[in-house]
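> build me a model from this:
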Amino acid sequence: MLKIANSPAEYSINKDLEDILSSLAKEKGDYIISFRSSEYSVEKGGYRPVEVMIRDSQVIYVTDFTYVGSGPYAELVKGMDWDFAAGECGQTGMYFDLEEAVELWGLYQSNFVDYFRAGKFDDVTVNLL
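Purely as a prediction, here's the structure:
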């Protein structure tokens, strides 16, 4: 059973998201799981890349990446970032306490699960640390 690392009591992991992550990180260990859509680009947008770190059966962070800038100057940066170990959440470079983003976390999890189930992430990698 996965838990959220060092988080306020209001934070939990959605059962559907837990099932997805547990099915990918089958053995006990520390992982970084990356979800990517080959269609995502600075020109067209699309489903943004997501990275999840699991350590000792705890979700340490969930980071959603986005392009900032345009053309050849665009960079892939952290869009949404829940850093549970640090106790903060960020949105495109602005950070605030986790308590301020509980509703956003619930919505984010639901959307991610829907996108995953719809096959929007066609490149999923699991790296054992």
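> what are the ranges of the helices in this structure?
Using DSSP state H, the helices assigned to the chain run over residues 15-24, 102-117.
> so the shortest one versus helix 102-117, what angle?
Taking axes from the mean of the first three to the mean of the last three CA atoms, to 10 degrees, one finds helix 15-24 and helix 102-117 inclined to each other by 50 degrees.
> buried set for helix 15-24?
17-18, 20-21 (16 or more other CB atoms under 10 Å). Using the backbone N, CA and C atoms, a C-beta is placed for each residue, glycine as well.
> the residues you listed: which two are farthest apart?
Spanning the widest gap among the buried residues of helix 15-24 are 18 and 20, at 7.3 Å by CB to CB.
> quick check: neighbours shared by those two?
Both residue 18 and residue 20 lack any common contact, where contact means CB atoms under 8 Å, 6 or more residues apart in numbering.
> list the buried residues in the strand ranked longest in the chain.
Across the chain, the longest stretch assigned as strand under DSSP state E is strand 58-68. For strand 58-68, a neighbour-count test (16+ other CB under 10 Å) marks 58-67 as buried.
> adding distance to residue 2 and pLDDT as columns, could you present these in TSV?
As requested, the buried residues of strand 58-68 are arranged in TSV below (distance: CB to CB, whole Å; pLDDT from 0 to 100):
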residue	distance to residue 2	pLDDT
58	7	93
59	6	95
60	11	96
61	13	97
62	11	97
63	17	97
64	18	96
65	22	97
66	25	95
67	29	94
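> contacting residues for the residue nearest the centre of the chain?
Nearest to the geometric centre of the chain sits residue 62, at 3.2 Å (CA atoms, centre = their mean). Neighbour list for residue 62: 50-52, 80-82, 108 [criterion: CB under 8 Å, 6+ apart].
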